[in-house]
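Undergrad: For reference, the sequence and a predicted model appear below.
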Amino acid sequence: MKTVMIFTASWCGPCKMYKPMVQALAKEFDYDFTFLDVEQVPDLAAFYGIRNVPSTVVHDSPESFRVRPGAMTRPNLINFIEGFNQ
């Protein structure tokens, strides 16, 4: 099962706009969606090389992941999660 992690920050305006769209999308897909505040998990953010928020990390398998910085449109997020827009 794919895991989708959304790195955000409490002070981030684009994160606040992105989150509801991602939450709605999460109800449609059988993936594990998690929201993480970079200030609460700095070591994890550093591990994934997160430098901008929001950033989306998709784990295709335990050994393989992809990172995309910035808020995406719904179609672009679906393509990124599904692996079509690498």
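TA: Right, received. Where do you want to start? Numbers count the residues shown, from 1 in each chain.
Undergrad: gap between the helix or strand of the chain with the lowest mean pLDDT and the chain center?
TA: Sorting the helices and strands of the chain by mean pLDDT, DSSP states H and E puts strand 55-61 at the bottom, at a mean of 91. A distance of 7 Å separates the centroid of the chain from that of strand 55-61, by CA atoms, centre = their mean, to the nearest Å.
Undergrad: residues making contact with it?
TA: Taking CB atoms under 8 Å, 6 or more residues apart in numbering as the criterion, the residues outside strand 55-61 that touch it are 2-7, 48, 50, 65-70, 72, 77, 80-81, 83. C-beta coordinates here come from the backbone N, C-alpha and C atoms, glycine included.
Undergrad: what is the rounded mean pLDDT of the next helix or strand after that strand?
TA: From strand 55-61 onward toward the C-terminus, using DSSP states H and E, the following helix or strand is strand 64-69. Average pLDDT, strand 64-69: 94.
Undergrad: Could you check the angle the following helix or strand past strand 64-69 makes with strand 64-69?
TA: For strand 64-69, the succeeding helix or strand toward the C-terminus, using DSSP H and E, is helix 74-82. Helix 74-82 and strand 64-69 are oriented at 160 degrees to each other (axes from the mean of the first three to the mean of the last three CA atoms, to 10 degrees).
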